[in-house]
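Engineer: Below are the sequence and a predicted model for it; my questions follow.
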Amino acid sequence: VFTDPMLPCGQILAEHLSVPSVFFLQQIPCGLEFEATQCPNPPSYVPRVFTDLTDRMNFFQRVKNLIFDIPNYFLCDFVFQPYAKLASEFLQRDVTVPDLLRQASIWLMKLDFVLHYPRPLMPNMIMISGVNCAQKK
């Protein structure tokens, strides 16, 4: 199943049919892609969105970065709770959204390190932004 994990309905279907899934995305709000792929994402080193921080931060900037990251946990639970409930009812077992996202075979990431800070990627994450594509001659 080729799907966008922003709305995990495609992944629920893939899990029900026991078929592999391919995700096509840029980022999921609240960093669910980090949790699902088990990528390191320490708030002391990776600047968060809307903080205007760089990868070189002093102690107080690192604390600010951590404070900006805390509401994401509550927001994420609130936004994705209906999908977790839907998946649990449909699959007839307790399922969370990160559990569903962990089942992805390949993550096609529309990331570009010119626009985003470099970050670790797992082997099943493939960058497909325009800068990483080969040019035709």
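Structural biologist: Everything's here; your move.
Engineer: Let's see the helix or strand where residue 32 lies as PDB, backbone CA atoms only.
Structural biologist: Taking DSSP states H and E as the criterion, the element that holds residue 32 is helix 32-37. Below are the C-alpha coordinates for helix 32-37, written out as PDB (Å, rounded to 0.1, in the frame of the first residue of the first chain):
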ATOM      1  CA  LEU A  32       6.000  10.500  15.100                       C
ATOM      2  CA  GLU A  33       8.400   9.500  12.300                       C
ATOM      3  CA  PHE A  34      11.300   9.700  14.700                       C
ATOM      4  CA  GLU A  35       9.400   7.500  17.300                       C
ATOM      5  CA  ALA A  36       8.200   5.000  14.700                       C
ATOM      6  CA  THR A  37      11.600   4.500  13.000                       C
END
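Engineer: So which elements touch the helix or strand just after that helix?
Structural biologist: The helix or strand immediately downstream of helix 32-37 is helix 59-91, counting by DSSP H and E. Applying 3 or more C-beta pairs under 8 Å, 6 or more residues apart in numbering; DSSP states H and E, one finds that helix 59-91 makes contact with helix 9-17, helix 97-101. Where C-beta positions appear, they are placed from N, C-alpha and C, glycine not excepted.
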